[in-house]
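In: Generate a structure from the sequence data that follows.
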Amino acid sequence: MARFVTLCLVLCGCVKHVPSGSTELAGRMRQALTSEQPMPVMKGPRALHFLFVGGFLNETIPGYFVDNMAVVRDELGAEVSTLFPPSAGSLDVDAVMIRDEVGRISDSTQRAVVLVGHSKGGAGVVLAVLRYPELVSSGRVERVISIQGALHGSPLADGLVASLPMPLVHQAFQGLSTLTRAKADAAFRASPMRAELSGWYQDHVFYVRSAETTGQVSTELALSHAFVARYGSGRNDGLLLEEDMRLEGVGTDLGVLRGDHAAFVVSSPLSNGTVATRKAFTRALIGQAFAER
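Out: Just a heads-up that it's a prediction; the model follows:
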């Protein structure tokens with residue numbers, strides 16, 4: 001009966017953030033939302049260590065990755081941990097921290113690592129494997145998943161940095177200035193993809209993007225959503241334009257889901273998602289990232 005009610009709500013559009021569209025990830029998420037079953041046993045991913053990397057202002061965000069980690073730990077049965085780089089640090093600093101943490105995990109557990117980053121962390125995990133290709137060639141990193149990653153920065157960061165006194169920006173807000181579009185693009189231009197590893201990046205790096213309609217983002221993101229909507233395509237999740245959440249020619253785009261910038265990874269009022277959607281998203285994402293190709 002519960003499954004029937006859930007299915008009716010989904011079909012009637014009464015459940016927030018049921019993904020529409022024909023992408024495989026959206027289809028997997030719809031299926032996960034209508035099923036009461038945990039994710040199936042997957043021996044390959046179960047033998048890995050999942051490292052979740054937080055984004056800008058992670059120090060102030062409660063409930064970061066709580067539901068995602070529960071799925072990985074309790075349903076998949078894999079090892080899981082978090083890394084929360086300081087918000088004041090640059091993307092360059094984040095990449096070094098990620099490299100070092102992967103080394104520590106790999107040495108201590110003898111397991112390869114799946115990097116899962118969100119927002120600034122999503123940019124950081126991709127930058128780390130581009131800048132330090134030995135993470136790939138050594139087998140220490142098995143997959144890289146960027147969820148709503150700030151790969152090309154954010155118009156919001158541009159606007160905030162332009163409005164702050166320059167000494168303040170340089171001394172206390174390097175994390176914010178590194179998310180301006182010019183600095184984010186410069187970081188990736190300085191770390192080009194190694195041609196000999198292009199096949200690995202294509203098959204092992206994944207991007208999840210999102211966008212939300214006006215009025216549907218959380219109250220905390222309503223003003224920033226309106227600001228970001230003035231730029232680029234206008235389609236955004238409250239902080240990032242959907243076109244800025246991936247790198248062309250590096251990895252696989254899993255498409256755009258409906259949800260605000262916190263919908264799939266944050267369990268707090270900052271998010272307009274639900275526990276059900278975050279867990280369904282995690283099940284679908286792991287299934288998609290490890291699907292045979």
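In: Going by C-alpha atoms from here, please, whenever you check contacts or count neighbours.
Out: Noted.
In: can you tell me how far Val205 sits from Gly232?
Out: 25 Å (Cα to Cα, to the nearest Å).
In: swap that for Asp74, sorry
Out: 40 Å.
In: do Met245 as well
Out: Taken as Cα to Cα, the span from Met245 to Gly232 is 13 Å.
In: hey, where'd the strands end up in the stretch 51-200 of the chain?
Out: 79-83, 113-118, 141-147 (DSSP state E, counting those that start in this stretch).
In: what's the second one in contact with?
Out: Pointing back at strand 113-118 there. 48-55, 102, 105-106, 122-125, 140-149, 265 (Cα atoms under 8 Å, 6 or more residues apart in numbering).
In: quick revisit: tell me which of Met245 and Gly232 has more neighbours.
Out: Met245 (27 against 13; other Cα atoms under 10 Å).
In: Might one say that the more buried one is in contact with Ala150?
Out: Yes: if you go by Cα atoms under 8 Å, Met245 and Ala150 touch, sitting 5.5 Å apart.
In: neighbouring contacts of stretch 244-253?
Out: 148-154, 193, 198, 201-209.
In: In this structure, which residue is most central in space?
Out: With distances taken as Cα atoms, centre = their mean, Ile147 lies nearest the centre of the chain, 1.7 Å away.
In: quick one: contacts for that one?
Out: If you count contacts by Cα under 8 Å, 6+ apart, then Ile147 has 116-119, 122, 207-209 around it.
In: is it in a bridge, and if so with what?
Out: Applying DSSP bridges to Ile147 yields these beta-bridge partners: His118, Val208.
In: what's the neighbour count on the residue nearest to Met97 when sequence neighbours are not counted?
Out: Of all residues not flanking Met97 in the chain, Pro85 sits nearest, at 7.3 Å (Cα to Cα, 6 or more residues apart in numbering). Look at Pro85: counted by other Cα under 10 Å, it has 25 neighbours.
In: I figured Pro85 hits Asp94, correct?
Out: Yes: counting by Cα under 8 Å, Pro85 touches Asp94, with 6.0 Å between them.
In: Mind listing the shared neighbours of these two?
Out: Listed as contacting both Pro85 and Asp94 by Cα under 8 Å, 6+ apart are Gly121.
In: what helix or strand is the closest residue to Thr23 other than its chain neighbours on?
Out: In this structure, Thr23 finds its nearest non-sequential neighbour in Gly255, 6.4 Å apart by Cα to Cα, 6+ apart. Assessed by DSSP states H and E, Gly255 sits inside strand 252-258.
In: Skip ahead from that strand and say which helix or strand is next.
Out: Next element after strand 252-258 (DSSP H and E): helix 275-289.
In: CA atoms only: put that following helix into CSV for me.
Out: What follows is helix 275-289, C-alpha atoms only, in CSV (Å, rounded to 0.1, in the frame of the first residue of the first chain):
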residue,chain,number,x,y,z
VAL,A,275,15.5,12.4,2.9
ALA,A,276,13.8,10.2,0.4
THR,A,277,15.1,12.2,-2.6
ARG,A,278,18.6,12.3,-1.2
LYS,A,279,18.7,8.6,-0.6
ALA,A,280,17.1,7.8,-4.0
PHE,A,281,19.6,10.1,-5.6
THR,A,282,22.5,8.3,-4.0
ARG,A,283,21.3,4.9,-5.0
ALA,A,284,20.8,6.0,-8.5
LEU,A,285,24.1,7.8,-8.7
ILE,A,286,26.1,4.8,-7.5
GLY,A,287,24.3,2.5,-9.9
GLN,A,288,24.9,4.8,-12.8
ALA,A,289,28.6,5.5,-12.0
